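Visitor: Predicted model follows, preceded by the sequence.
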Amino acid sequence: MPEENQQLKERKTLDEREQMSELERLRHSCAHVMATAILRLWPDAQFAYGPPVENGFYYDVELDHRISPEDFEAIEAEMKKEIKANNVFEKLVVTRDQAIADAKSGRLGGLSERPDNESKFKLDLLDQIPEGEPISYYRNGDFVDLCAGPHVMRTGNIKAFKLTSVASAYYKGDENNPQLQRIYGTAFKNKTELEAYFTMLEEAKKRDHRKLGAEMGLYTIDAEYTGPGMPLWLPKGTAIVEELEKLAKETEFAAGYVRVRTPHLAKEKMYRTSGHLPYYADSMFPPMTLDELAAKRSELVEKKRHLWEHCWASGAVEALKLTSAHLEALNPSQELQLLERRINTPEVEVSSEQMGCLQELRDVARELFQMPLAESYYLKAMNCPHHHRIFAAEPRSYRDLPLRLAEYGCCYRYEQSGELFGLMRVRSLNMNDAHIYCTEEQFAEEFRAVNDMYLKYFRIFGLEKYVMRFSTHSKEGLGKKYVDEPELWLKTEDMVRRVLQESGINYVEVANEAAFYGPKIDVQVWSAIGREFTIATNQVDFAVPAKFGLQYKDRDNSFKTPLCIHRAPLGTHERFIGFLIEHYAGNFPLWLAPEQVRVLTIGEDEALIAYAKGILNELRGHQVRAEADFSHDPIKAKVAEAEKARVHTMLAIGPRDMENGNVSVRLHGKGHQGAKPKGEVVSDIVAAIRERRA
RNA sequence: GCCAGUGUAGCUCAGUGGUAGAGCAACGGUUUCGUAAACCGUAGGUCGUCGGUUCGACCCCGACCACUGGCUCCA
C-alpha cells in the first residue's frame, strides 16, 4: 500500500493528466526545455521525473557534474535558444517494445542515441505503465522524452521562466534508491506574472519568522551553548508565549479541563509500556543511564572472571560436570542458582580447596545478582504517558469521566539535523497539550467539543482558511506501523468520520498516515499571505491506555478501558508563534504585542515627566506591558524608534496634553490618532487587551 | 541522517595572499525639540572552529560545527 500510494501520487492517470491547468502544461513543458538545455551542456544526463509542482516545476537528473546555481545562467541561455527555435511539442504514440528498445539505446530523455548509457529511469517508468495504457513520447527538436503530456504547442509559448534552486532527492522518494539532483524552476504566462511571483517571495522573506524574530528580540537560538533547535525565549517573546498560555488556560478551564504538571524525564519502562520506544527511539534523545554502582559492578565482574578461571584451573568446574558451552548460556540468576545447587549437593565430590574457590565464586555471583540494576531515563518526547500514569494514580469511576488533563509541558525530540528550521522545527517544544479520557459513548461529544475549540481559536487569530487532514490506517501496516487491532481501528475511524461530517468541518481523508495508536487529524491553516502551515494535531488513542492497564469502573460494576483523545490546538508555542509572526508580519494585535504601549515625552520638563510616569504606572497597574522613552531625543526620533520596534500603541505626551489631561495616541502603522482624555485612553487599552481585539 | 549552498562588528553589507572597512544600533557629550531618525566623538572583530599549504592565510586546501534550500522523517 505505501508503494501503491506513492505511485498514485507520482503517476497520475491519463484522465487526470488531461486536467492539467494551462499553467501546469506550460511549466511541465518548461521542464522539457530545461532537460534539453542540460543535455546540450552535459549529454550524459539521465532524467527521471519532471512534473509541474505548486510554484513551478522540477526535473530530477542523474549527472556526475554537480549542478550549482552558478550553472543556471548557462542552462537558461541554452533554454532561451530552444525557446527561440520555437520547436513543436510533438506527440508520438509507440508500442511498448519500441519504447523499451529506445530506452535501452539511451534515446529517451536524450538528444540522440547514447550507446552504453541506457535511459535507466525511463526503463523503470515504462515498467510501471499498466498493460493496455498507451505509451507516448513528446519530442521538441532533438529531445525525445517518455511522457504522457500534455504540453503547450511550441517551445516558443514559454514566455517567462527562471531556474530557482537545486536540491537533491531520492529517486521515487526512497532512500534506498540513488540520489538525484533536482533542479527547480518556475514559469509564467508572461514576464509581469513572473516578476509578481518574485515580488511575493520577497514579501514572504520580509515576514520570515527567523528574520522578524531576531529583529524584534523574541527569541534566539544559541547553537553553540544551548544546542541547535533549542530556542531561548527572550523577554519579548516570552510575553507572547505567556499570552498564548493564558488564552489556552482560560479556554480550557471554561471547557472543563483540569491542569496537571509532570516532570521532563521518565524511566525507560514508561516508554516501553506505552509502546513508543520501538517506533520512535531514533527521534528521542538518547537515554541517560544512572548507575552509581558502575565502578563496583565492573570490579565484581572482573573478580568473578578471575574466580571462574581459577575454578577451571583447579578442576572444580569439571567436578561439577559443567561444560563451557553450558556456562555461556547462563544469565546471572541461573548462574547463581546453578552454583548454589551444586555446592549444596552432597554427592558431588570436590576437594576443600575446590569448594573454597566455588564458594567464593558463589558469593561474588550473589553480590552481583543482588546489586540494583542501572536505570535509564528518557527525556519525554510527549506528555501522554505521564498523563496516563496520572489517570492510573487513583481508582476511576465512569462518574469521573470525561477526565480532561491539560498541561503546557516541555518535550524534547531529537529531530534530524537537516530538519531543524527556526521555530518551526525544534528539539525542545512546549505543547498546548491535553488528554481527554472518556467512554465510547462520550467520544463523539468530546471530539466535537475539541473541534469547536479549534474553530474558536481560528476566529481569534483571523484564520479564514483551514483544512483538517484526517489520517487513517492501512491494513498492510497493522502490526507493523500500527497496533494490530483491525476492528478498533475501523470503529474509531468511523466515529471520527461521523463527527467531522456532522459538524460540517472542512476535512480531507488521507490513508496510511495515522499515529501508531489511532487515527489522527492534522490541522492545516493558511497565513495572511497564503502560506500553508500544519499547526496542530488531534489524535484518537484506543491502544495505549490499555497498555498502561488504565481502567474505570462502569455502571454495571465491570472494568473498562477508556478512550483517549490527544489534542493540541495551538500545537507547540514554537511553531505557533513562528506562524503568527508571519501571519501578522510582526505587527501583533494589542493583546499579543510584546510591547503594548510606549509612553513618549515631548520635552524634559520635570512636571511633564511626572505626568507621563503617572500614566505609565497606571497602565502597568492594569498589567499592560508599557515602557517609556524619556530620553533627550526629539519626538520624531522617538516615534521612529517605536515604529521600528513595532510598539502597538504610542502615547506621546507634551505640555499641551498635560495641560488638558490628555495623551495623544499613535498606533503602529496607522499614524497619529489625535489627543484624547487620559482616562479614556487607558480604559480603552485595557478593554482591547481583555477582549483580545484583533 | 543525505545532497548542495552559505558563514566578515549586535544588525545590514563592503573588501584583499602582506596588520580589517561603512551605515545603523551601543556608549560619552552637545542640542530642548509636537508624531518615521538633530550634531560631534568613543568603543566594538582570533573574518564559524580546528588543522594544512605558504616567508606570510580572513582569502587557497581539508575536516568539523552551524545556518539555508531541498530529500527523508514527524508520537
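Guide: Here it is on my side, so go on.

Visitor: Wait, residue A:103 touches residue A:117, no?
Guide: No. Under the criterion of C-beta atoms under 8 Å, residue A:103 makes no contact with residue A:117, lying 11.0 Å away. All C-beta spots, glycine's among them, are computed from the backbone N, C-alpha and C.

Visitor: Those two: who's more crowded?
Guide: residue A:103 (23 against 14; other C-beta atoms under 10 Å).

Visitor: doesn't residue A:670 make contact with residue A:643?
Guide: No. Applying C-beta under 8 Å as the test, residue A:643 and residue A:670 come out as separate, 10.4 Å apart.

Visitor: Give the residue from these two that has the larger number of neighbours.
Guide: Under the neighbour definition other C-beta under 10 Å, residue A:643 and residue A:670 were set side by side, and residue A:643 has more, 15 against 11.

Visitor: Give me the secondary structure label for that one.
Guide: In three-state terms, and counting by DSSP: H, G, I helix; E, B strand; the rest coil, residue A:643 is helix.

Visitor: for RNA strand B, what are the nearby residues on the stretch 151-300 of chain A?
Guide: Selection of the stretch 151-300 of chain A residues close to RNA strand B by C-beta under 7 Å from any atom of the strand yields A:165-170, A:173-175, A:179, A:181-182, A:210-211, A:214-215, A:221, A:223-224, A:228-229, A:276, A:280, A:283-284.

Visitor: could you redo the last one with a cut-off of 6 Å?
Guide: Proximity of the stretch 151-300 of chain A to RNA strand B is assessed by C-beta under 6 Å from any atom of the strand, with A:165-170, A:173, A:175, A:179, A:182, A:210, A:214, A:221, A:223, A:228-229, A:276, A:280, A:283-284 identified as the residues in range.

Visitor: host element of residue A:688?
Guide: Secondary-structure assignment from DSSP states H and E places residue A:688 in helix A:678-690.

Visitor: just residue A:452 next, same as before
Guide: helix A:440-460.

Visitor: could you point out which element follows that helix?
Guide: strand A:466-472.

Visitor: Convert the C-alpha atoms of the following helix or strand past that next one to PDB, please.
Guide: Taking DSSP H and E as the definition, the helix or strand that follows strand A:466-472 towards the C-terminus is helix A:486-502. Once side chains and other backbone atoms are set aside, the C-alpha atoms of helix A:486-502 remain, and they are given as PDB (Å, rounded to 0.1, in the frame of the first residue of the first chain):
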ATOM      1  CA  PRO A 486      -8.400  -4.100  13.000                       C
ATOM      2  CA  GLU A 487     -11.900  -3.800  14.400                       C
ATOM      3  CA  LEU A 488     -11.000  -1.000  16.800                       C
ATOM      4  CA  TRP A 489      -9.400   0.900  14.000                       C
ATOM      5  CA  LEU A 490     -12.400   0.700  11.800                       C
ATOM      6  CA  LYS A 491     -14.800   1.600  14.700                       C
ATOM      7  CA  THR A 492     -12.800   4.500  15.800                       C
ATOM      8  CA  GLU A 493     -12.300   5.900  12.400                       C
ATOM      9  CA  ASP A 494     -16.000   5.600  11.800                       C
ATOM     10  CA  MET A 495     -16.700   7.700  14.900                       C
ATOM     11  CA  VAL A 496     -14.200  10.300  13.900                       C
ATOM     12  CA  ARG A 497     -15.600  10.500  10.300                       C
ATOM     13  CA  ARG A 498     -19.100  10.800  11.500                       C
ATOM     14  CA  VAL A 499     -18.300  13.700  13.900                       C
ATOM     15  CA  LEU A 500     -16.400  15.500  11.100                       C
ATOM     16  CA  GLN A 501     -19.300  15.100   8.700                       C
ATOM     17  CA  GLU A 502     -21.900  16.100  11.200                       C
END
